[in-house]
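Asks: here is my input, please return the structure:
(2 chains)
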There are 2 protein chains.
Amino acid sequence: MKVFKGKKFYVEVKNLKLPSGKKIRFDGIVAANGVLIIPFVDKDTIILIKEFKPPVGKWVYQFPVGGIGKNEVSLTAARRELEEETGYLSEKMRYLGKFYVDPGYMNVMVHLFEARGLTFKKQRLGGYEVIRTVKVKLKNVKKLIERGTIKDGRTIAALFFLYIKR
Amino acid sequence: MKVFKGKKFYVEVKNLKLPSGKKIRFDGIVAANGVLIIPFVDKDTIILIKEFKPPVGKWVYQFPVGGIGKNEVSLTAARRELEEETGYLSEKMRYLGKFYVDPGYMNVMVHLFEARGLTFKKQRLGGYEVIRTVKVKLKNVKKLIERGTIKDGRTIAALFFLYIKR
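Replies: Numbering: from 1, shown residues only, chains lettered A, B, ... in the order given. Below you'll find the model as predicted:
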């Protein structure tokens, strides 16, 4: 049963039977699956966006992230979000993997893409988006995490995928 | 204004003024900040839990994670969650860092701890928790992420912190 419907997600209350046999009532957040894009300007330099995030009331450094639309495949969504949030078109997209953002609260799975061969066109932001783009040397990324400059868990997880896949 | 109140979170609708000056209505999820614990059995072996997650309807491999209680500091919460979910007490806890789980949807910040010097006591699970513990060699972790066995983003981000801090 949907108990709340917002712009980006809804809340569903379900009666569930756990694998243990126990029956429970569970409140879960349901939203569209997402894409996260790691844009490479050159082989040593990535783009992060700096975005104002209302839920935490702060500017957060992260990779471009967005929801996959209805009737949209993840690759199309990744190209669209990259263009909207950074202004770049990509010639080469490579799939890196996927993860759940927080499977204890919500259903969302994020699909990761690496974007190379970039050409700048024009940023096209949504109504509530306030975004700046920042170029960062890959070799500085660990320091930025350690210092707490990068504090978005999805971005940190994506960087580990990048590190594993190199 | 709180528009929905569940067991673990509530939904708040806020009227906000963005840094751009634009006024918007925003729906955000509000829950307690959390702790994530990386338990070391020995210097090469960590403990993951395998837990059934109702929002995704699947068993997920992850580190022990839980909410920080009212009047509880993060270190106390980390010791408590470690004991409840794995049954282990830890002699040595070390703070590794923190990250937002998903600052586009929710306020939650997770604090990471490394736990060493473990002694087994007894698992004490909450009502809806269905958990098994699994010992994993650190050297196999990258492979488990690559294969998609580990697909919890918070756990993958925590592993990157571990890698950075070594």
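
Asks: can you map out the helices along chain A?
Replies: Secondary structure of chain A, counting by DSSP state H: helices at A:74-86, A:141-146, A:153-165.

Asks: residues contacting the residue most central in space within chain A?
Replies: With distances taken as CA atoms, centre = their mean, A:Val65 lies nearest the centre of chain A, 3.2 Å away. A:Val65 sits next to A:Gly34, A:Val35, A:Leu36, A:Ile37, A:Glu81, A:Val110, A:Arg154, B:Gly104 when contact means CB atoms under 8 Å, 6 or more residues apart in numbering or on different chains. Heads up, the C-betas are built off the backbone N, CA and C, glycines and all.

Asks: need the max-distance pair from those residues.
Replies: Maximum pairwise distance among those (CB to CB): 14.5 Å, between A:Ile37 and B:Gly104.

Asks: the more surrounded of the two?
Replies: Neighbours were tallied for A:Ile37 and for B:Gly104 using other CB atoms under 10 Å in any protein chain shown; the higher tally belongs to A:Ile37 (29 against 22).

Asks: and the more buried one, bridged to which residues?
Replies: Counting by DSSP bridges, A:Ile37 forms beta bridges with A:Phe113.

Asks: and what of A:Thr45?
Replies: Assessed by DSSP bridges, A:Thr45 has beta-bridge partners A:Asp42, A:Lys137.

Asks: ok, it - contacts?
Replies: So A:Thr45 contacts A:Lys135, A:Val136, A:Lys137, A:Leu138 (CB under 8 Å, 6+ apart).

Asks: which one of these is nearest A:Val30?
Replies: For the contacts of A:Thr45, the nearest to A:Val30 is A:Val136 (33.2 Å; CB to CB).

Asks: residues touching the closest one, list them.
Replies: Here A:Val136 is in contact with A:Thr45, A:Ile46, A:Ile47, A:Leu48, A:Leu144 (CB under 8 Å, 6+ apart).

Asks: that one and chain B, how far apart?
Replies: 15 Å (CB to the nearest CB, to the nearest Å).

Asks: roughly how far apart are A:Leu112 and chain B?
Replies: Note on A:Leu112: its distance to chain B, by CB to the nearest CB, is 10 Å.

Asks: in this structure that residue contacts A:Arg94, no?
Replies: No. The pair A:Leu112 / A:Arg94 is not scored as a contact, 9.4 Å apart, by CB atoms under 8 Å.

Asks: and the strands in chain A?
Replies: Taking DSSP state E, the strands of chain A run over residues A:2-5, A:9-17, A:23-31, A:34-42, A:45-53, A:58-62, A:65-67, A:88-100, A:109-120, A:131-137.

Asks: the residue lying closest to A:Leu112 once chain neighbours are set aside: how many residues sit nearby?
Replies: Ranked by CB to CB, 6 or more residues apart in numbering or on different chains and with sequence neighbours excluded, the top spatial neighbour of A:Leu112 is A:Leu96, at 4.1 Å. Residues lying near A:Leu96 (other CB under 10 Å) number 17.

Asks: domain ranges for chain A?
Replies: A:1-31, A:34-165 (automatic domain parsing).

Asks: start and end of the longest one, how far apart?
Replies: The first and last residues of domain A:34-165 sit 20 Å apart, counting by CA to CA, to the nearest Å.

Asks: what's the mean pLDDT across it?
Replies: Confidence over domain A:34-165 (mean pLDDT, whole number) is 95.

Asks: buried stuff in stretch A:20-29?
Replies: Applying a neighbour-count criterion of 16 or more other CB atoms under 10 Å in any protein chain shown, one finds A:Phe26, A:Asp27, A:Gly28, A:Ile29 buried in stretch A:20-29.

Asks: considering only those residues, which also neighbour chain B?
Replies: Checking the buried residues of stretch A:20-29 against chain B by CB under 8 Å from any CB of the partner chain, the ones in range are A:Phe26, A:Asp27, A:Gly28, A:Ile29.
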